[in-house]
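> What would the 3D arrangement of this be:
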Amino acid sequence: MSEQSCLVANDWVCGEYVRTRGQELVDATVQHLGITVASVVIGVLISLPLALLARRARVFAGPVLGVTTVLYSIPSLAMFSLLLPLFGLSVSLVVTGLVLYSLTILVRNILAGLQAVPQEAREAARGMGYGPLRLLWEVELPLALPALLVGVRIATVSTVALTTVGSIVDYGGLGTLIVGGLQSDFKAQVLTASVLCVLLAVLADLLLLGVQRWLTPWTRVAGPAKRARGFRIRGPRGRADAARVEPEKPGQPDEPEKAAA
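Now for the predicted structure:
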């Protein structure tokens, strides 16, 4: 008697399902990735000016942080229902909802990174003739990059999970397969799509962690004092000058600078 097919037996683990439905799994994964990447990228582009506005004056900080927090507290089904009259049953509905959810994470992390930039770095850059835009682009954003990338990692993992809710409008990527499997009691489809969703979140986090370590090597230096020192600011003639923040040592008189030989 031949062994019964795992599809016929409706087993949770079924290699035959992966072989016969491979293209369906690939299409759902690609859609899941596309929605996630689009949502996070748009979220970053919106969050940066909001964080700059919140940093500029305290009168703006409260409303910006308050509105983004309120948006994050709205349940996902209610959020998509509120956006439905504007976007209809489309992928734009899902992307817009996910962008709104990512704002509170991204705005807070970008704002924290900008506020943590040492004042000595700003003063050194201004003393070398940096204008506001160049100061932001070449000094503040690079120093705020660690906090910004942490926010991107958190927002990405959160968005991978929330994308599955888009299955209610048939744009949920792997979530559409999960819901379809639950409705039809297709165990292999539910488990396979769920495992792929988890792997997607883990791989995305590891990839972004590698990018973060590559772009911010100075964060791996032991000790906060070493991390606070040695950032370089490019002078008006293109020469790299080092602006260092040295911690003061109590009880020691100031020593005159030695003339270079």
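> And the residue nearest the centre of the protein?
Central residue of the chain (CA atoms, centre = their mean): Val152, 1.3 Å from the mean position.
> so how far is the helix or strand harbouring that residue from its chain's centroid?
Here Val152 is covered by helix 141-163, with elements defined by DSSP states H and E. Relative to the centre of its chain, helix 141-163 is centred 2 Å away, using CA atoms, centre = their mean, to the nearest Å.
> Then stretch 206-215?
Distance, centroid of stretch 206-215 to centroid of chain: 12 Å (CA atoms, centre = their mean).
> so how far is Gly181 from the nearest residue in space to Ala38 that is not next to it in sequence?
Leaving aside its chain neighbours, Ala38 sits nearest to Val95 (5.4 Å; criterion: CB to CB, 6 or more residues apart in numbering). (Glycine included, C-beta is placed from N, CA and C.) From Val95 across to Gly181, the span is 24 Å (CB to CB, to the nearest Å).
> circling back to that earlier point, could you say what helices and strands the helix or strand following the helix holding Val152 packs with?
Moving toward the C-terminus from helix 141-163, the next helix or strand (DSSP H and E) is helix 174-184. Applying 3 or more CB pairs under 8 Å, 6 or more residues apart in numbering; DSSP states H and E, one finds that helix 174-184 makes contact with helix 22-56, helix 187-215.
> got CSV for these, with mean neighbour count, distance to Ala9 and mean pLDDT too?
Converted to CSV, the helices and strands packed on helix 174-184 look like this (neighbours: other CB atoms under 10 Å; distance: least, CB to CB, whole Å; pLDDT from 0 to 100):
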stretch, mean neighbour count, distance to Ala9, mean pLDDT
helix 22-56, 18, 20, 93
helix 187-215, 16, 9, 92
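> how about those in JSON lines, adding distance to Thr69?
Output for the helices and strands packed on helix 174-184, formatted as JSON lines (distance: least, CB to CB, whole Å):
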{"stretch": "helix 22-56", "distance to Thr69": "12"}
{"stretch": "helix 187-215", "distance to Thr69": "23"}
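> Which one, of the ones you listed, ends up nearest to Met79?
Smallest distance to Met79 across the helices and strands packed on helix 174-184 (CB to CB): 12.7 Å, for helix 22-56.
> That closest one to helix 187-215, inter-axis angle?
Here the directions of helix 22-56 and helix 187-215 differ by 40 degrees (axes from the mean of the first three to the mean of the last three CA atoms, to 10 degrees).
> Name the residues of whatever helix or strand comes next after helix 22-56 that come out as buried.
Reading on from helix 22-56 to the C-terminus, the next helix or strand found by DSSP H and E is helix 58-73. For helix 58-73, burial by neighbour count (16 or more other CB atoms under 10 Å) applies to 61, 64-65, 68, 71.
> Quick one: residues in contact with helix 58-73.
Residues outside helix 58-73 that contact it (CB atoms under 8 Å, 6 or more residues apart in numbering): 50-51, 53-55, 79, 100-101, 103-105, 107-108, 111.
> if we can go back for a sec, which one's more surrounded, Val95 and Gly181?
Neighbours per residue (other CB atoms under 10 Å) separate Val95 from Gly181, with Val95 holding more: 22 against 19.
> State the mean pLDDT of the helix holding Val152.
For helix 141-163, mean pLDDT rounds to 92.
> Pull out the buried residues from that helix.
Across helix 141-163, burial judged by 16+ other CB under 10 Å covers 141-163.
> can you dump the C-alpha coordinates of it into CSV?
What follows is helix 141-163, C-alpha atoms only, in CSV (Å, rounded to 0.1, in the frame of the first residue of the first chain):
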residue,chain,number,x,y,z
LEU,A,141,23.2,63.3,10.4
PRO,A,142,26.3,61.1,10.4
LEU,A,143,26.6,61.4,14.2
ALA,A,144,22.8,60.6,14.6
LEU,A,145,23.1,57.7,12.2
PRO,A,146,23.3,55.0,15.0
ALA,A,147,20.0,56.0,16.5
LEU,A,148,18.4,56.5,13.1
LEU,A,149,19.4,53.0,12.0
VAL,A,150,18.1,51.4,15.2
GLY,A,151,14.8,53.1,14.5
VAL,A,152,14.8,51.7,10.9
ARG,A,153,15.5,48.2,12.3
ILE,A,154,12.6,48.3,14.7
ALA,A,155,10.3,49.8,12.2
THR,A,156,11.2,47.2,9.6
VAL,A,157,10.6,44.2,11.9
SER,A,158,7.3,45.8,13.0
THR,A,159,6.3,46.5,9.4
VAL,A,160,7.0,42.9,8.4
ALA,A,161,4.6,41.7,11.1
LEU,A,162,1.9,44.3,10.4
THR,A,163,2.0,43.7,6.6
